[in-house]
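Asks: Got a predicted structure here, sequence first:
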Amino acid sequence: MDYKVWGLLQEQVYRSPVKDIDDLRNRVTQEWDRLDQRVTDQAIRQWLRGRLRACVAQAGGHFEYKL
């Protein structure tokens with residue numbers, strides 16, 4: 001989920017230069033609130049079907065090459 005959701009948040013948060021940590025925190029919070037729940041749901045489904053199953057199949061070992 002991290003890759004999908006954070007990528008979308010990054011696009012929105014960094015549309016213009018961030019002034020300081022408070023500005024960054026506020027932008028992340030605002031964009032998170034605007035994020036469509038369907039995006040999060042889809043990211044979770046993809047994670048469950050892909051990365052999690054591959055990790056379990058490799059008993060927690062290296063699995064990225066199988067994705």
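Replies: Looks like it arrived, so ask away.
Asks: measure Val5 to Arg34 for me?
Replies: 12 Å (CB to CB, to the nearest Å). Heads up, the C-betas are built off the backbone N, CA and C, glycines and all.
Asks: ok, now which ones touch the closest residue to Phe63 other than its chain neighbours?
Replies: Take Phe63 and drop its neighbours on the chain: the residue closest to it by CB to CB, 6 or more residues apart in numbering is Ala54, 4.1 Å away. Taking CB atoms under 8 Å, 6 or more residues apart in numbering, we find Ala54 in contact with Phe63, Glu64, Lys66, Leu67.
Asks: For the helix or strand containing Gln30, name the packing helices and strands.
Replies: Element membership of Gln30, judged by DSSP states H and E, is helix 21-34. Packing partners of helix 21-34 (3 or more CB pairs under 8 Å, 6 or more residues apart in numbering; DSSP states H and E): helix 2-13.
Asks: Mind exporting the C-alpha coordinates of the helix it packs on to CSV?
Replies: What follows is helix 2-13 as a C-alpha-only set of coordinates in CSV (Å, rounded to 0.1, in the frame of the first residue of the first chain):
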residue,chain,number,x,y,z
ASP,A,2,2.9,2.3,0.8
TYR,A,3,4.0,2.7,-2.8
LYS,A,4,0.6,3.4,-4.3
VAL,A,5,-0.8,5.8,-1.7
TRP,A,6,2.4,7.7,-0.9
GLY,A,7,3.0,8.2,-4.6
LEU,A,8,-0.3,9.9,-5.0
LEU,A,9,0.1,11.9,-1.8
GLN,A,10,3.6,13.1,-2.9
GLU,A,11,2.2,14.4,-6.2
GLN,A,12,-0.3,16.5,-4.4
VAL,A,13,1.8,17.6,-1.4
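Asks: buried sites along it?
Replies: By neighbour count with 16 or more other CB atoms under 10 Å, helix 2-13 contains the buried residues Val5, Leu8, Leu9, Val13.
Asks: is it true that the first one touches Asp41?
Replies: What that stands for is Val5. No - counting by CB atoms under 8 Å, Asp41 is not a contact partner of Val5; they are 10.7 Å apart.
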